[in-house]
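Engineer: 3D model of this:
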Amino acid sequence: MGFDGAPSCHGTPGKRLTILSIDGGGVRGVIPAVCLEFLENQLQALDGPEARIADYFDCIAGTSTGGLIAAMLTAPNANKRPLLTAKEVKEFYINKASTIFPPPSGIYGFYDKLRPQFVAALLPGPKYNPKPLADLLSETFKDLKVSDALTDVLLTTFDVQAQEPVFFDKQVALRLPEFDIQLKDACLGTTAAPTYFPAYQIPKPGQSKTEAYYNLVDGGVAANNPTDVAILHAVKDLAFGFAGDGRGGGPEIKGYEDILVLSMGTGSRIDRYNVKDMVSWSKLAWVNNTGQPIVQMLMNSSAYLVDYGVSIRFQIAKVKENYLRLETGHIDGPAAEMDNSSKDNMKNLCQKASDLLKKPPKYRNAMSGALEQVPGYATNEDALTNFARWLSEEKRARKENMDKCLAASTTEQAPRAAF
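Structural biologist: Model (predicted):
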């Protein structure tokens, strides 16, 4: 049940498939991190101070910065509990963003101040050295592998040699060794954003051929909003009998009513153009002209289509309440830049996240595709608070199901009286 007239969750308690998906977006990843801190606080209010995000989701998927968040939420510590709290993930962004994206210096710093921006685009090599990020990831994850994640983690990348996406999924990694790479390597792959960081090459584990390598760039090339991919992989793992390992029995879905999805965006940069402006653009202008027009268009349209498609499918199934998307929408000016790691901007992004929590949640109209307010909620805080109740209910129901199974098993195995 909901609370104070809020929507109720569909499906059978204890049998729902729970999914968290987090978009790419560079330093704007602090926005979903703030929202996840709020969600984790609500879960702790319900289930105690040790409650963690990873305890409640069957699959946590992320692209680029979202992949980094997914890995940090699911990586285990020595006690097989989540390595970081949601609050610590947020603090990682606030404290380490300037290490990953240091202010431009030298020739890049000089040209970064010039306009038009295409001057900087002519410089050789990516904008940033990946070593600071690699060092942070090594320090955080040590030698942990994808298969070590506490729940199913899904990190998206794109292989430039194979020209197809590569998804690092815990359930697959447990069964196919070539996908069981170290978490730090998966994170370097999913965050290797073209023009910002170099492509990342790593050998495929268990492969004897010397040419058996992954050649990876940012998963945003294929799925900057990984919600659709997350649903597909989670349902696939369930269909093949992989999902629910060690999670109190696991889900048994009959349809969308038994799928519960929380999708988190990072905002989007919108530089608006018109035909008059664009008619004389050169090839270079399409790549770098007050932003990166063609890149932004592809990523924004891809994210829109995923949100629209997922939203419509839940509406067709008459269970739209089971899908919640948190998105700040368009971000203008310097705050939209994926690498603006200044203290002022990180503070600004945290404020945008706080503002988002106070705004009403939105969903896509099935006919027009326009955003409309979700009925039953005044704010995203209300929606997340209710979502936390659903997650807590699901976790308790699974435990009850498991306890019943154990009790039945014990009864069956009890010795019978001799005659």
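
Engineer: ok, longest helix in this structure?
Structural biologist: Assignment by DSSP state H gives helix 380-413 as the longest helix of the chain.

Engineer: Buried ones in it, by neighbour count?
Structural biologist: 380-395, 397-398, 401 (16 or more other C-beta atoms under 10 Å). C-beta coordinates here come from the backbone N, C-alpha and C atoms, glycine included.

Engineer: what do you get for stretch 29-48?
Structural biologist: So for stretch 29-48, counting by 16+ other C-beta under 10 Å, buried means 29-44, 46-47.

Engineer: Just those: which are in strands?
Structural biologist: Members of the buried residues of stretch 29-48 lying in strands (criterion: DSSP state E): none.

Engineer: can you give me the helices for the stretch 251-400 of the chain?
Structural biologist: Secondary structure of the stretch 251-400 of the chain, counting by DSSP state H, counting those that start in this stretch: helices at 275-278, 283-287, 293-316, 343-358, 380-413.

Engineer: Indicate which one of the ones you listed is closest to Gly24.
Structural biologist: Nearest to Gly24, of all the helices of the stretch 251-400 of the chain, is helix 293-316, at 8.1 Å by C-beta to C-beta.

Engineer: So for that closest one, what gets flagged as buried?
Structural biologist: 293, 295-296, 299, 302-303, 306-307, 310-315.

Engineer: quick one on the thing from earlier: of the helices of the stretch 251-400 of the chain, give the one that comes closest to Lys204.
Structural biologist: Closest approach to Lys204 among these (C-beta to C-beta): helix 293-316, 27.2 Å.

Engineer: Could you list the buried residues of stretch 161-169?
Structural biologist: For stretch 161-169, the neighbour count (16+ other C-beta under 10 Å) marks 166-169 as buried.

Engineer: how close does Leu136 sit to Lys343?
Structural biologist: According to C-beta to C-beta, to the nearest Å, Leu136 stands 18 Å off from Lys343.

Engineer: These two: which is more packed in?
Structural biologist: The neighbour comparison of Leu136 against Lys343 (other C-beta atoms under 10 Å) goes to Leu136, with 17 against 10.

Engineer: Give me the contact list for the host helix or strand of that one.
Structural biologist: For Leu136, the host element (DSSP states H and E) is helix 131-141. With contact meaning C-beta atoms under 8 Å, 6 or more residues apart in numbering, helix 131-141 is reached by 71-72, 75, 83-84, 92, 96, 99-100, 102, 182-184, 187-188, 191, 197.

Engineer: Verify the stated contact: Val30 with Lys352.
Structural biologist: No. Counting by C-beta atoms under 8 Å, Val30 does not reach Lys352; the two are 9.0 Å apart.

Engineer: Give me the neighbour count for Ala173.
Structural biologist: 22.

Engineer: Give me the longest strand you can find in this structure.
Structural biologist: Looking across the chain with DSSP E, the single longest strand is strand 152-159.

Engineer: what about that strand, distance to the chain center?
Structural biologist: Here strand 152-159 is found 10 Å from its chain centre; the criterion is C-alpha atoms, centre = their mean, to the nearest Å.

Engineer: so after that strand, what's the next helix or strand?
Structural biologist: The C-terminal neighbour of strand 152-159 among helices and strands, as given by DSSP H and E, is strand 164-169.

Engineer: How about residues contacting that following strand?
Structural biologist: Counting by C-beta under 8 Å, 6+ apart, 146, 152-159, 179, 181, 186, 189-190, 214, 216, 219, 221-223, 229, 233, 237 sit against strand 164-169.

Engineer: which regions of the stretch 1-150 of the chain sit below the pLDDT cut-off?
Structural biologist: Applying pLDDT under 70 to the stretch 1-150 of the chain flags residues 1-4, 105-124.

Engineer: which residues touch Asp180?
Structural biologist: 145-147, 173-174, 205.

Engineer: mind checking how far it is from Pro198?
Structural biologist: When Asp180 is compared with Pro198 (using C-beta to C-beta), they lie 24 Å apart.

Engineer: Then Asn77?
Structural biologist: As judged by C-beta to C-beta, Asn77 and Pro198 stand 31 Å apart.

Engineer: Who has more neighbours out of those two?
Structural biologist: Comparing Asn77 with Pro198 by other C-beta under 10 Å, the one with more neighbours is Pro198, at 15 against 11.

Engineer: residue contacts, that one?
Structural biologist: Residues near Pro198 by C-beta under 8 Å, 6+ apart: 125-126, 130, 192.

Engineer: Format these as TSV; extra columns: distance to Leu284 and secondary structure.
Structural biologist: Formatted as TSV, the contacts of Pro198 follow (distance: C-beta to C-beta, whole Å; DSSP: H, G, I helix; E, B strand; the rest coil):
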residue	distance to Leu284	secondary structure
Gly125	17	coil
Pro126	17	coil
Pro130	25	coil
Ala192	23	coil
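
Engineer: Only the buried subset of those, as a ChimeraX command please.
Structural biologist: Applying 16+ other C-beta under 10 Å to the contacts of Pro198, the buried members can be selected in ChimeraX as follows:
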select :130,192
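
Engineer: No further queries at this time; thank you.
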